[in-house]
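Student: Just the structure for this:
(chains A and B)
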Amino acid sequence: MNKNKSILAGISLGTLIVIMGTFSNYSDESILSLSAIVVGMVVGYSIESKPLKLSVLAVIIQQIIGIGIMLFNDPNLDVILSDGVITGLVVVVMVIEILFNILLGILGSFIGSIARKYRK
Amino acid sequence: MDLHETSIVCKDLLKNELRNTRVLITLAIFVILSLLSIYTSSIIQLLTAKSEISGNIGYITSYLTLLLIGPVFVIALSYDSVSREIESGTIRLIIPKIKRSSFIVGKFIGLNILFSLMVGIVFMVIYVYVAIDTQTYLLLYPVSSWFLLTLYFGCFIGICLNISSLADNSSAALVLSFTALIILMIFSTGFKYEFLKYLTPTWYGFIGFESILNPKADQLQILKSIGGMLLLISTSLGSLIFVMNRRDF
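Tutor: Model (predicted):
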């Protein structure tokens, strides 16, 4: 599959998982981590050259979209945006969250590339 | 698996590793850092009342240091032990002559012996230091710490060899090994998902440490620690043999 198409497929699938998780009231953190692994697996499975680097890119984009969706549906959004300190803290926590999920995405990509290799 | 073939692979690995300058420098840094951690025990002694401390404080700091920085050295030495052979093509010459399982188990045992020796040297020096400093001649702490750390490093060697035999090249194996290490360290703290700490060797290392060095702790924890680490080692060895038997070179 084409590189851009597989990245797009990964991001779409990850975002779909986040949307489903948001509507079914699952824990935000676990849904974001799960979606990062899925994005990594899709990219790792479909791209042959340098899947790790591309999965990092795809996971970053997907995580930003996912966090955006979750914040949009958060009933406490007014409280978060009302105070600069709270907003700053939330941003720092989210950056840490994204960094952790990038690592999970790299592992997902590795699992995906192994699956492709052993399928043959 | 053939024991004779395994011992040949193991000896070959030990010979090659001990001739390699990179490996020798890494091992020297490992031993020096572990020994330097004894000095932190002097700082702890200054900060704590004398009645609260015992002669085993040197073992506590060294054990904790090895628990936290040891896996980094394990990765530094074992991340390319299989992928380097695949990249250079030497595995194609070895595999037809010996069984694949003997090859990978030999590598595992060789690396385990290497780290066991290093930890042994570290704890021998600490034993002498503690014996001179506090007139304590108990062998229980150094021997049990050495045994637990050997098992602990065995878990990480298994994980590294798994990644090394599955990765496309050595650089990918290095990146993935460090990624796995960071994730395992984060999971061992119980961050986010409490149940995942039971899958990490670090947590078993910590509970073993607590049961050995804290007399008030639950002594059954030591069995949990040893059992958990043995289970992790056998799982990683099983998956290693499976991967090696399935993989084309």
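Student: Show me where chain B has its helices.
Tutor: B:3-19, B:21-47, B:57-78, B:83-88, B:91-94, B:100-134, B:140-166, B:170-188, B:201-213, B:221-246 (DSSP state H).
Student: For residue 8, report the pLDDT, please.
Tutor: Went with chain A since none was named. The model reports residue A:8 with a pLDDT of 90.
Student: wrong chain, I was asking about chain B
Tutor: Here, the pLDDT recorded for residue B:8 equals 89.
Student: Put together CSV for the helices of chain B, with distance to residue A:2 on each row.
Tutor: Quick note: C-beta positions are derived from backbone N, CA and C, even for glycine. Listed next are those as CSV, based on distance: least, Cβ to Cβ, whole Å:
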stretch, distance to residue A:2
helix B:3-19, 43
helix B:21-47, 40
helix B:57-78, 34
helix B:83-88, 28
helix B:91-94, 33
helix B:100-134, 36
helix B:140-166, 25
helix B:170-188, 22
helix B:201-213, 40
helix B:221-246, 29
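Student: In JSON lines, list the ones you listed along with mean neighbour count.
Tutor: Shown next, in JSON lines, are those (neighbours: other Cβ atoms under 10 Å in any protein chain shown):
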{"stretch": "helix B:3-19", "mean neighbour count": "15"}
{"stretch": "helix B:21-47", "mean neighbour count": "15"}
{"stretch": "helix B:57-78", "mean neighbour count": "22"}
{"stretch": "helix B:83-88", "mean neighbour count": "17"}
{"stretch": "helix B:91-94", "mean neighbour count": "14"}
{"stretch": "helix B:100-134", "mean neighbour count": "20"}
{"stretch": "helix B:140-166", "mean neighbour count": "23"}
{"stretch": "helix B:170-188", "mean neighbour count": "19"}
{"stretch": "helix B:201-213", "mean neighbour count": "22"}
{"stretch": "helix B:221-246", "mean neighbour count": "17"}
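Student: how about low-confidence regions in chain B?
Tutor: The model of chain B has pLDDT under 70 over residues B:40-58, B:192.
Student: got a list of what residue A:80 touches?
Tutor: A:71, A:74, A:86-87, A:90 (Cβ atoms under 8 Å, 6 or more residues apart in numbering or on different chains).
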